[in-house]
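Colleague: what's the 3D shape of this:
(2 chains)
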Amino acid sequence: MSEATTEKLILAVPSKGRLMEETANLLARGGLKLARAGNERGYRGEVQGLAGVEVAFVSASEIADLLRKGEVHLGVTGEDLVRDLIPDAETEVEFLRPLGFGHADVVVAVPDFWIDVSTMSDLEEAALLYRRRHGARMRVATKYRTLTRMFFAGHRYGGEPRAVDTVTMYRIVESLGATEGAPAAGLAELIVDITSTGSTLKANGLRILDDGVILKSQANLVLGKRAPWSEAQLALKDDILRCLEKSGTD
Amino acid sequence: MEPLTTPSGTPMSSRWIEAHGRQSTIITSIFARAGFEPIAPPVIQPADLFLDLIGEDLRARTYVFTDPDGAELCLRPDLTIPTTRLYLDRFGDTGQPARLSYNGVVFRYQRGGGSLARPREFTQAGIESFAPENPEQAEAEILALSAESIRAAGLRAFTFRAGDLGIFEALLGAIDMPDRWRTQLRHHFWHHAAFRRQLQKLMKPEEFGRALAEPLFQAIEAARRGSIRHGDAVVDLERHLEAQGLAVSGTRTLDEIAWQLEGLAADLKSPPLDPRAALLLDAYIKLSTPARAATDGIRALLKGTSIDIEPALIRFEERLRLAAQEGIDIADAPFSGGFGRQFEYYTGFVFEILSPLLGEEAPLAGGGRYDRLLEAVGARQPFAAVGSAIHTDRLLLAVRGGRP
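Modeller: Residues are numbered from 1 along each chain as shown, chains lettered A, B, ... in the order given. Here you go, the predicted model:
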């Protein structure tokens, strides 16, 4: 790798879908154009109008991992994905700016007919009885292992620390797709998943607990603290932030 | 030069390995002389059992995996549970006294791969006494053997800390409240913030009550009072859900939901937890005093109440006396009411042995009384059991003054 390349700031952007389009639109409004190198399917690119930035197009879920390892300087990805991959995210990354798109709530949802369960505290009680009756723990289907574990253990994202109810009598079953169908299919008793309008949950006979919103997530510009940062790269980061400010998000 | 360590944090110099081997021989021969039979339980254990019986902290640090048959397994994070299973396999429900010992590796996830004081795989040398004829005597003996082993390994400076879940249990039993609340508080003992929050709730049950639709509420109330059968309330619940268009699916039954609703209805009718009782429980959890002053400290808390837990307090005093007879003076050791180690299977006296070098966060040894564990792994009734395990890698580190 040449000197010039190592001095470049690497910005990871989702490689496809709405997150990619919204990121491009946002930069465009601030006067910068996201361009792929070579053909349409290229995985490398640049920001026209900002020499020194190299763009890596990768899947949104991989961006958090690249940030953690310091393999990219900046990344556009959902706060949910970052916090789930990195338990104490603040030590490894910095959330520079929420971007105003990719909104999704990570929530705890139970079957709607559980009319005895509307809070985390109810859930723990129901889970204690369930354990005695079935000889097994209630299963939580989710792809968010860390967020689930931390939230159930009493950690709350954002806001003031306060007394909260913990849930301990459960176990996680990994679900990589169609999580909301797991309870009806008998694969889990409840779920932790993302929802934007709540209509998918409803269609599957699920209801969000009153105190069951784990994280109100959206796409963020995130900085990887382990990446090698030179003066020039820090200046480029400020340029990108100024561009985002100009495009009027917050 | 950086000390050589394995990725798990265990040092791998030949000098360390030899020293660790010599230390193991010293400790296991002390156990053998005291009549503990060596056993070697399997490293791979069923995951569910462990996840149920260990605390939240360790639960998140257990290596769990699925094998090609689809079985959920784990690398043992502790040896007490595998030893208890082995005892049950061998002796079943006979209540046969047995003294077993082990010297084997356990596995616990550590952030960033582990360190010398907190390796992610390490050796535990331990002893467990099942169904002893005199449990308090067994506690004193196990405490003494742990201390003797540490001394024989070459460490002079170490201290104890102690707690007693038996006193907490006695307190809980002596305070007037529904059994349901006792179960909740017992469950929250290891999570002090949650425990305190539960106390606050029980002082104001009406704030946490649930409004139920009228015909269903009548049925639940009637079932709670016993004027109709529980099964009839379940039928009412089913009718209610149908009218509301709520589909029933999955493994959780209407029967369980009806029980929970009856419990919630009962909370609404119960007199709130007496604020003095709540204060007392909170004060006990916070109590921190030298062990010799613990029982009088608790008596002072109980002064002016009608609560009598003398038998539990006398047992604790007897324990200090027995330990002294065994040559272990723990009268000056700090006692904490809220101290229960991070294992939810403990039911009585608990202790840890600490070194000044590694501190409270990395105890050299720990153990205590766990009378419900045999039942939890499959016995038909509870039996007394008490045990202790030494973290031998930490012990060697302390003996060598922190040098790997």
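
Colleague: and the residue nearest to the spatial centre of chain A, what element?
Modeller: The centroid of chain A falls nearest to A:D80 when counting by CA atoms, centre = their mean (2.2 Å). If you go by DSSP states H and E, A:D80 is part of helix A:79-85.

Colleague: now do the contacts for B:P135.
Modeller: For B:P135, the contact set (CB atoms under 8 Å, 6 or more residues apart in numbering or on different chains) comprises B:348, B:369, B:384, B:386. C-beta: built from backbone N, CA, C; applies to glycine.

Colleague: give me phi/psi at B:Y346?
Modeller: Phi and psi for B:Y346, reported as degrees, to the nearest 10, are phi -70, psi 140.

Colleague: enumerate the residues of chain B near chain A.
Modeller: B:48, B:51-52, B:56, B:59-60, B:111, B:183-184, B:187, B:191, B:193-194, B:196-197, B:200-201, B:208, B:210, B:212, B:240-241, B:246-253, B:256-257, B:259-261, B:263-264 (CB under 8 Å from any CB of the partner chain).

Colleague: change it to 7 Å
Modeller: Proximity of chain B to chain A is confined to B:48, B:51-52, B:56, B:60, B:183, B:187, B:191, B:193-194, B:196-197, B:241, B:246-252, B:256-257, B:259-261, B:264 under the rule CB under 7 Å from any CB of the partner chain.

Colleague: so which of those residues are in helices?
Modeller: Using DSSP state H, the members of these that fall in helices are B:48, B:51-52, B:56, B:183, B:187, B:193-194, B:196-197, B:241, B:256-257, B:259-261, B:264.

Colleague: can I get the CA coordinates of the lowest-mean-pLDDT helix or strand in chain B in CSV?
Modeller: Using mean pLDDT, DSSP states H and E, helix B:56-59 stands out as the lowest-scoring helix or strand of chain B, at a mean of 74. Taking C-alpha atoms only, helix B:56-59 is exported to CSV below (Å, rounded to 0.1, in the frame of the first residue of the first chain):
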residue,chain,number,x,y,z
GLU,B,56,-26.6,-13.4,35.6
ASP,B,57,-22.9,-12.4,35.4
LEU,B,58,-21.6,-15.9,34.9
ARG,B,59,-24.5,-16.8,32.6
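
Colleague: hmm, back to that, can you put the contacts of B:P135 in TSV and add secondary structure, distance to B:T25 and neighbour count?
Modeller: Putting the contacts of B:P135 into TSV (DSSP: H, G, I helix; E, B strand; the rest coil; distance: CB to CB, whole Å; neighbours: other CB atoms under 10 Å in any protein chain shown) gives the following:
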residue	secondary structure	distance to B:T25	neighbour count
B:G348	coil	32	25
B:R369	strand	29	27
B:A384	coil	31	22
B:V386	strand	25	28
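
Colleague: between those, which sits nearest B:L75?
Modeller: B:V386 (25.3 Å; CB to CB).

Colleague: that closest one and chain A, how far apart?
Modeller: 25 Å (CB to the nearest CB, to the nearest Å).

Colleague: next one: B:H391
Modeller: B:H391 is 24 Å from chain A, by CB to the nearest CB.

Colleague: for that residue, what are its contacts?
Modeller: Contacts for B:H391 (CB atoms under 7 Å, 6 or more residues apart in numbering or on different chains) come out as B:122, B:124, B:364-365.

Colleague: and B:A138, by the same measure?
Modeller: Counting by CB under 7 Å, 6+ apart, B:A138 has contacts B:129, B:132, B:386.

Colleague: now the ones in helices among the residues of chain B next to chain A: which count as buried?
Modeller: B:48, B:51-52, B:56, B:187, B:194, B:196-197, B:241, B:256-257, B:259-261, B:264 (16 or more other CB atoms under 10 Å in any protein chain shown).
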